[in-house]
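*Asks:* the following block contains a protein sequence and its predicted model.
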Amino acid sequence: MPSWLNDNLAAWADSQIRMALTDVPPGFRPLLEGGLEPGGRFDRTRMPALMAAAWFSDRTVRAAA
């Protein structure tokens, strides 16, 4: 787990995941919700959740354009 994801950019990462949760299909919800749960030092769920949130947000923006 990159330390910046839990330290300096933790609030930003949380907001990105939370924004994606508002429009994400039900199949994505467990992945994104898992990224919001506090994990240990070796927990790897936050990074895939953030990547999925970014992918879904980008996809939504492209569809709207």
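*Replies:* That came in fine, so what should we check first?
*Asks:* so who does residue 48 touch?
*Replies:* Counting by C-beta atoms under 8 Å, 6 or more residues apart in numbering, residue 48 makes contact with 31, 35. C-beta here means a position set from N, CA and C on the backbone, and glycine is covered the same way.
*Asks:* retrieve the pLDDT associated with it.
*Replies:* We have a pLDDT of 91 for residue 48.
*Asks:* go on, residue 1?
*Replies:* 58.
*Asks:* list the contacts for the residue nearest the centre of the chain?
*Replies:* Geometric centre of the chain, nearest residue: residue 50, 2.8 Å, by C-alpha atoms, centre = their mean. Shown in contact with residue 50 (C-beta under 8 Å, 6+ apart): 5, 13, 16-17, 35.
*Asks:* need these in TSV with distance to residue 46, secondary structure and pLDDT, can you?
*Replies:* Conversion of the contacts of residue 50 to TSV gives the following (distance: C-beta to C-beta, whole Å; DSSP: H, G, I helix; E, B strand; the rest coil; pLDDT from 0 to 100):
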residue	distance to residue 46	secondary structure	pLDDT
5	6	helix	71
13	7	helix	89
16	11	helix	92
17	8	helix	93
35	5	helix	90
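*Asks:* could you identify the buried members of these?
*Replies:* 13, 16-17, 35 (16 or more other C-beta atoms under 10 Å).
*Asks:* which two in the residues you listed are spaced the farthest apart?
*Replies:* By the measure C-beta to C-beta, 16 and 35 form the most distant pair in the buried ones among the contacts of residue 50, at 9.4 Å.
*Asks:* I figured residue 21 hits residue 34, correct?
*Replies:* No - contact criterion C-beta atoms under 8 Å: residue 21 and residue 34 do not qualify, at 11.4 Å.
*Asks:* what do these two both touch?
*Replies:* What both residue 21 and residue 34 touch, as defined by C-beta under 8 Å, 6+ apart, is an empty set.
*Asks:* and which of the contacts of residue 50 is nearest residue 55?
*Replies:* Closest to residue 55, out of all of the contacts of residue 50 and judged by C-beta to C-beta, is residue 16, at 11.1 Å.
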